[in-house]
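K.L.:
A predicted structure for the sequence below; I have some questions about it.
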Amino acid sequence: MAAPDTTLQAIQNKVRRLTRSPSPAQLTDLELQNYINTFVVYDFPEHLRTFNLKTTFTFFTNPYQDEYPTDKASYGNPAINPSIVNNVLYDFQNKYLTVHPPFYAAGYQTMFTQDRTQFFGFFPKVNSIQFTGNSGDGFTTSFSGTITTTQPSIPLPSTFQQQIGLLQREVLFESLDANMNGLALADVPVLDPNTGNTTTYGNLYDPNGPTYQDALINPPTVANLGPLLPGTGVINYATGVYNLSFTTAPGANQPINSQTVSMGLARTRAILYYANKFVIRPIPDQVYRINFEVFKAPAYLMSTSDQPALNEYWQFIALGAAIKILQDRMDMDSVNQLMPEYRNQMNLCNRRTIVQLTNERAATIYTESNGGNGGLGGWGGFGGGTNF
């Protein structure tokens, strides 16, 4: 005797019977598959966050890069640079549902938070306002020099290399023109067109101009190292070397100041997940492996021979897809008739996860270790503990 058929074809057949749509003239295969996959990818994981959807995820840090976006737009245009889609964080937010601790960096458990107040309380982005040594004369618009990096606001332990870098997206040059109007140039990191990661260069733009807004939407992939147009420039986050051109000449004797945030570079000790991006502190000084737990989104059923992640899901999927079809037909009586069995199948699919989790005792403050990473008070460098 053959095993029960749990393929997409079997799901389609059951949905047709449940919705009384035996003919493709009533419901085409393409429409039917769209209903099924809509339920599989979007409804199923929100009704059932099953154990088999949980897995580990790994990405790698990039030196001098502190923010790692998880959307598509932040990586540039794949039509121009197709290799950026190979970045593991490209469209992460649609491939994975939620992220969960523990987080590890180079094998060390790190602090993880989703609270900006807590994170930036430990690692504040306090601007250092400095005179660059350049002043306006009423005619000159272009200037160059080197920003002197200052000691970071949160010094690292002596065991860490005290390499200092400028925080990306936090560089600002400002002055006044002859009429006392403000002049400014702000940075946008330059992306590596092959990896989608940021480089050690940032292009400078007039924040009130259209090119700045365009650069935020379509990040630059080439640094402004050649002749500069008015309202442009470049900054090297590693060395502090800059070259810029204001849209209007600074007034006579008007100082040109820089506003930057200096950060020590070292192994990752804390990670913030907020606004669909990972923010890492300290800024990485080299490549580190970041590892954590995620719930992945279920995969589409593309061909009639495809099967769900677990074969036992097939009836639950069929019932869910049938309900969506009947809802669109405003056949609420049939929906109500299917709901008891829908809930029954949901419970059956969830049984495996419930039994699996009974193997593990619920964690409490009494069962957890008192190690140096066990909380804010015991996290190395803040309130005790030296577990780095």
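P.N.:
Yes, it's here.
K.L.:
need the three-state assignment for T38.
P.N.:
For T38, the secondary-structure state derived from DSSP: H, G, I helix; E, B strand; the rest coil is helix.
K.L.:
so in this protein, which helix runs the longest?
P.N.:
As assigned by DSSP state H, the longest helix anywhere in the chain is helix 332-357.
K.L.:
can you tell me which helices and strands that helix packs against?
P.N.:
helix 314-328 (3 or more CB pairs under 8 Å, 6 or more residues apart in numbering; DSSP states H and E). For the C-beta atoms, the positions are set from N, CA and C on the backbone; glycine is no exception.
K.L.:
pull the helix it packs on out as CSV, backbone CA atoms only.
P.N.:
The C-alpha coordinates for helix 314-328 follow below in CSV (Å, rounded to 0.1, in the frame of the first residue of the first chain):
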residue,chain,number,x,y,z
TRP,A,314,-1.1,19.0,4.2
GLN,A,315,-4.6,18.8,5.5
PHE,A,316,-4.3,21.9,7.6
ILE,A,317,-3.0,23.8,4.6
ALA,A,318,-5.9,22.6,2.5
LEU,A,319,-8.4,23.7,5.0
GLY,A,320,-6.8,27.1,5.4
ALA,A,321,-6.7,27.7,1.7
ALA,A,322,-10.3,26.5,1.3
ILE,A,323,-11.4,29.0,4.0
LYS,A,324,-9.7,31.9,2.2
ILE,A,325,-11.5,31.0,-1.1
LEU,A,326,-14.9,30.7,0.6
GLN,A,327,-14.3,34.0,2.4
ASP,A,328,-13.7,35.7,-1.0
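K.L.:
list the buried ones in the longest helix of the chain?
P.N.:
334-335, 338, 342, 345-346, 349-350, 353 (16 or more other CB atoms under 10 Å).
K.L.:
okay, who's weakest in the residues you listed by pLDDT?
P.N.:
The member of the buried residues of helix 332-357 with the lowest model confidence is T353, at 85 (criterion: pLDDT).
K.L.:
nearest residue to that one in space, please, no chain neighbours.
P.N.:
Take T353 and drop its neighbours on the chain: the residue closest to it by CB to CB, 6 or more residues apart in numbering is F51, 4.1 Å away.
K.L.:
and the helices in the stretch 101-250 of the chain, which stretches?
P.N.:
Using DSSP state H, counting those that start in this stretch, the helices found in the stretch 101-250 of the chain span residues 116-122, 210-217.
K.L.:
what's the distance between the longest one and the middle of its chain?
P.N.:
Looking back up the chat, that one is helix 210-217. Its chain's C-alpha centre and that of helix 210-217 lie 20 Å apart, by CA atoms, centre = their mean, to the nearest Å.
K.L.:
neighbouring contacts of that helix?
P.N.:
The set of residues external to helix 210-217 that reach it, using CB atoms under 8 Å, 6 or more residues apart in numbering, is 73, 186, 188, 203, 205-206, 231-232.
K.L.:
same thing but 6 Å
P.N.:
By CB atoms under 6 Å, 6 or more residues apart in numbering, the residues outside helix 210-217 that reach it are 188, 205.
K.L.:
number the chain from 50, please
P.N.:
Done: numbering now begins at 50, and the last item shifts to helix 259-266.
K.L.:
so for it, what gets flagged as buried?
P.N.:
Neighbour counts over helix 259-266 (16+ other CB under 10 Å) mark 260-261, 264 as buried.
K.L.:
with the shortest one instead?
P.N.:
By neighbour count, and taking 16+ other CB under 10 Å as the criterion, the buried residues in helix 165-171 are 168, 171.
K.L.:
what is it packed up against?
P.N.:
Taking 3 or more CB pairs under 6 Å, 6 or more residues apart in numbering; DSSP states H and E as contact, there are no helices or strands that helix 165-171 lies on.
K.L.:
re the thing from before, so how far is A319 from the residue nearest to T402?
P.N.:
Relative to A319, F100 is positioned 29 Å away (CB to CB, to the nearest Å).
K.L.:
before we move on, what about L138?
P.N.:
Here L138 is placed at a distance of 18 Å from A319 (CB to CB).
K.L.:
so where's this structure shaky on pLDDT?
P.N.:
Where the chain drops to pLDDT under 70, the residues are 199-211, 412, 414-437.
K.L.:
domain map for it?
P.N.:
Domain assignment of the chain by automatic domain parsing yields the ranges 57-99+359-405, 102-168+317-344, 172-314.
K.L.:
mind checking which of these is nearest T353?
P.N.:
Proximity to T353 (CB to CB) singles out domain 57-99+359-405 among the domains of the chain, at 4.0 Å.
K.L.:
L314: how many residues sit nearby?
P.N.:
Look at L314: counted by other CB atoms under 10 Å, it has 21 neighbours.
K.L.:
typed the wrong thing, it's A348
P.N.:
Applying other CB under 10 Å, we find 13 other residues in the vicinity of A348.
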